[in-house]
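Chemist: below is the structure, and that's it, no one-letter string:
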């Protein structure tokens, strides 16, 4: 039970590995975690961008670790190296992911397979590597970035939505299997949030932007800062009894 006299939402001093932290939401959240006193291990296959991102993190005690979610053996090695370098691994935030958007009849099957390979199989490999490290310390937190696309239907999203729905179910299964080890496994499901990736792939024209905005009852896109509260909840003592959940931060998108 969390100490009621402590800061329930504190991540100060925690070692947090952020997969996919070189760009987009991962980079933003890595910066916020560092600003809240965490030691951030930024893990990505983009070495130059990742190292540049680490150099911009506030505070001290951060580092970079090469990580490619398609290299499953490498994932375990990367997590083990991060734990060895920092002496602990308290939280893993998986913000890595790709989106292949196209009509189902036109989508290249290899794009469909690669989307599942990164967003589901890669997430599984990372979760399992993290859990192996966390079991040695009798607990830890694993948080994935999922999406409202796990439970709402959009045309041309056959690959992406399938991968995010699978990720949310994977979270439930891993949470159940690892609960006795003190490991919580959860996901955060944002609504459409403009990032360099989404602006190119999903919001490239006025019609796309109009349709996306029209599906959010609160009348605006998501902002990176909207996710911070959910992340601090799930990564801090306040979330110690929350597991197997996908917490939607979506302005009501999943209510339609």
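Modeler: Cool, got the structure. Everything quoted here is computed from the prediction, not taken from an experiment.
Chemist: shaky segments in the stretch 51-200 of the chain?
Modeler: 196-200 (pLDDT under 70).
Chemist: can you map out the helices along it?
Modeler: Taking DSSP state H, counting those that start in this stretch as the criterion, the stretch 51-200 of the chain contains helices spanning 72-86, 109-116, 123-135, 158-178, 196-201.
Chemist: return the set of buried residues in the helix or strand following the shortest one.
Modeler: Looking back up the chat, that one is helix 196-201. Next along the chain after helix 196-201, taking DSSP states H and E as the criterion, comes helix 206-214. In terms of neighbour count (16 or more other CB atoms under 10 Å), helix 206-214 has its buried residues at 209, 212. C-beta coordinates here come from the backbone N, C-alpha and C atoms, glycine included.
Chemist: average pLDDT across helix 206-214?
Modeler: For helix 206-214, the mean per-residue pLDDT is 82.
Chemist: other SSEs contacting the helix or strand just after it?
Modeler: Next along the chain after helix 206-214, taking DSSP H and E as the criterion, comes helix 228-235. Judged by 3 or more CB pairs under 8 Å, 6 or more residues apart in numbering; DSSP states H and E, helix 228-235 is in contact with helix 24-35, strand 91-94, strand 140-145, strand 183-190, strand 246-249.
Chemist: among the helices of the stretch 51-200 of the chain, which is nearest residue 255?
Modeler: Evaluated with CB to CB, the helices of the stretch 51-200 of the chain place helix 158-178 nearest to residue 255, the distance being 16.9 Å.
Chemist: what's the neighbour count on residue 172?
Modeler: Residues within reach of residue 172, counting by other CB atoms under 10 Å, total 16.
Chemist: ok, now residue 95?
Modeler: With other CB under 10 Å as criterion, residue 95 counts 25.
Chemist: surely it meets residue 20?
Modeler: Yes: counting by CB atoms under 8 Å, residue 95 touches residue 20, with 4.2 Å between them.
Chemist: turn the helices and strands packed on helix 228-235 into CSV, columns for distance to residue 70 and mean neighbour count.
Modeler: Output for the helices and strands packed on helix 228-235, formatted as CSV (distance: least, CB to CB, whole Å; neighbours: other CB atoms under 10 Å):
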stretch, distance to residue 70, mean neighbour count
helix 24-35, 17, 23
strand 91-94, 14, 27
strand 140-145, 17, 26
strand 183-190, 20, 26
strand 246-249, 24, 21
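Chemist: reformat these as CSV; add distance to residue 54.
Modeler: Formatted as CSV, the helices and strands packed on helix 228-235 follow (distance: least, CB to CB, whole Å):
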stretch, distance to residue 54
helix 24-35, 8
strand 91-94, 15
strand 140-145, 20
strand 183-190, 23
strand 246-249, 26
